[in-house]
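A.B. asks: from the sequence below, what's the structure:
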Amino acid sequence: MIKLLLNTLYVQTQQAYLRLDHETIVVEVEGTKTLQVPIHHIGAIVMFGHVSISPYLLGKCANQGISVIWYDAYGRFLARATGRTSGNVLLRRAQHQILEDEKRMLHIASRFVSGKIRNSKSVLQRGMRDYPEKRLRLEQSVKQLDQSLRNIGKQTTLDELRGVEGYASSVYFEAFASLIRSDEDGFFAFTVRSRRPPRNPINACLSFAYSILTQDCISALEGVGLDPQIGYLHALRPGKPSLGLDLVEEFRPYLADRFVLTLINRKQLDKSDFDMRPGGAVFLNEKGRRTFLAAYQKRKQEEIQHPIINQKVPLGLLPHVHARLLARYLRGDIDEYVPFVMR
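C.D. replies: As a prediction, the model looks like this:
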């Protein structure tokens, strides 16, 4: 899959080869030209997995200040090459300066929380359509989430905003159980979100999905030159990817929660995919992780019409698109960071 989004060329097609042809970038797959684009239209090249680039094109990119970023086939960040001049220093300076401005920190953090709550609401609204018999229960939770959205703008401190986010999360997960199709023995029953450790199979799946999504967001931030540890909603601690966790929030309901619901409700996972540990902890075993990851990688290839850039975007590139939008906002290139909200 090859996509040009926000002046960035994303190449996910395995065995693709990128080369320079005069002032254009040519992408070939098995000797066949699949794309040719003027190099002055490109601000960055992002490659996933077994994708090759010619030394001449790499040199041209370095000379023109075009970043080249490598990820492995699973989306883990590997490296970034830039020329002698790069905007990363100024970008990171802007990222750090916001830490000294509580008002701006609160504003950016509120965008992440707004995206999360709006997407949580959409998950429940979809449940209202899929399970009409549960409509009244879910409708009550949707109304509570609407109130949380209205409350975001009334908060004057980060702790108050985190309180709104925490309350909305508890409302959402109280209703989440209604979205799980009941099984005969109640193996996939869900009552409350438990994290360290997860206490039932649903929580095990959610925790695993969130850990994968967090790594995807960290990699996306590193790819655009942002420091994943300098965030605004999540408190700063040594080794904690605060900005990565910030970016995860808006994607949790759509990329993680809905995916877990699909796996469970379609019976793609069963009892044999989980290990029960002493003390009540539940984890996906090796067989379960293989099934989970195979389905997750397949879903990342699905495309949606992006509501902001008005282009079709593979789900796996959503964190990359929004990391780039966030970088543009922090640099002052755009007036506002708009979180991803599913339709």
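
A.B. asks: where are the low-confidence patches of the stretch 151-300 of the chain?
C.D. replies: 183-184 (pLDDT under 70).

A.B. asks: could you pull out the strands for it?
C.D. replies: Applying DSSP state E, counting those that start in this stretch to the stretch 151-300 of the chain gives strands spanning 274-276, 282-284.

A.B. asks: so which of those is the most packed in?
C.D. replies: Among these, strand 282-284 has the highest mean neighbour count (mean count of other Cβ atoms under 10 Å), at a mean of 19. The C-beta positions use only the backbone N, C-alpha and C, and glycine is treated the same way.

A.B. asks: may I see the buried residues of the lengthiest helix in the chain?
C.D. replies: In the chain, taking DSSP state H as the definition, the longest helix is helix 102-130. Going by neighbour count (16 or more other Cβ atoms under 10 Å), the buried part of helix 102-130 is 105-124, 126-128.

A.B. asks: okay, the strands of the stretch 151-300 of the chain in TSV with distance to Gln311 next?
C.D. replies: Below are the strands of the stretch 151-300 of the chain laid out as TSV (distance: least, Cβ to Cβ, whole Å):
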stretch	distance to Gln311
strand 274-276	39
strand 282-284	34
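
A.B. asks: partner strands of the helix or strand harbouring Tyr10 and their direction?
C.D. replies: Element membership for Tyr10, per DSSP states H and E: strand 8-11. Paired neighbours of strand 8-11 in the sheet (DSSP bridges): strand 2-5 (antiparallel), strand 44-48 (parallel).

A.B. asks: show me which positions of it end up buried.
C.D. replies: Using 16+ other Cβ under 10 Å as the test for burial, strand 8-11 gives 8-11.

A.B. asks: closest one of the residues you listed to Lys134?
C.D. replies: Lys134 lies nearest to Tyr10 out of those, by Cβ to Cβ, at 39.0 Å.

A.B. asks: just list the residues touching the closest one, thanks.
C.D. replies: 1-4, 46, 48, 317, 320 (Cβ atoms under 8 Å, 6 or more residues apart in numbering).

A.B. asks: domain ranges for this structure, per the record?
C.D. replies: Per the record, the chain has its domains at 2-86, 93-331, by automatic domain parsing.

A.B. asks: next, the distance between the ends of the longest one.
C.D. replies: I take that to be domain 93-331. Terminal residues of domain 93-331 are spaced 9 Å apart (Cα to Cα, to the nearest Å).

A.B. asks: need the contacts of Tyr10 in JSON lines with pLDDT, distance to Asp146 and neighbour count, can you?
C.D. replies: Listed next are the contacts of Tyr10 as JSON lines, based on pLDDT from 0 to 100; distance: Cβ to Cβ, whole Å; neighbours: other Cβ atoms under 10 Å:
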{"residue": "Met1", "pLDDT": "79", "distance to Asp146": "37", "neighbour count": "15"}
{"residue": "Ile2", "pLDDT": "87", "distance to Asp146": "40", "neighbour count": "16"}
{"residue": "Lys3", "pLDDT": "83", "distance to Asp146": "34", "neighbour count": "19"}
{"residue": "Leu4", "pLDDT": "87", "distance to Asp146": "37", "neighbour count": "14"}
{"residue": "Val46", "pLDDT": "91", "distance to Asp146": "37", "neighbour count": "24"}
{"residue": "Phe48", "pLDDT": "90", "distance to Asp146": "38", "neighbour count": "24"}
{"residue": "Leu317", "pLDDT": "92", "distance to Asp146": "30", "neighbour count": "25"}
{"residue": "His320", "pLDDT": "94", "distance to Asp146": "30", "neighbour count": "29"}
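
A.B. asks: as CSV, those with distance to Phe188 would be great.
C.D. replies: Output for the contacts of Tyr10, formatted as CSV (distance: Cβ to Cβ, whole Å):
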residue, distance to Phe188
Met1, 33
Ile2, 39
Lys3, 36
Leu4, 41
Val46, 37
Phe48, 33
Leu317, 31
His320, 32
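
A.B. asks: which one of those residues is nearest Glu249?
C.D. replies: Nearest to Glu249 among those: His320, at 16.5 Å, using Cβ to Cβ.

A.B. asks: Phe173 versus the residue lying closest to Gly288 once chain neighbours are set aside, what's the distance?
C.D. replies: Nearest residue to Gly288, sequence neighbours excluded (Cβ to Cβ, 6 or more residues apart in numbering): Asp273, at 3.0 Å. Counting by Cβ to Cβ, to the nearest Å, the separation of Asp273 from Phe173 is 22 Å.
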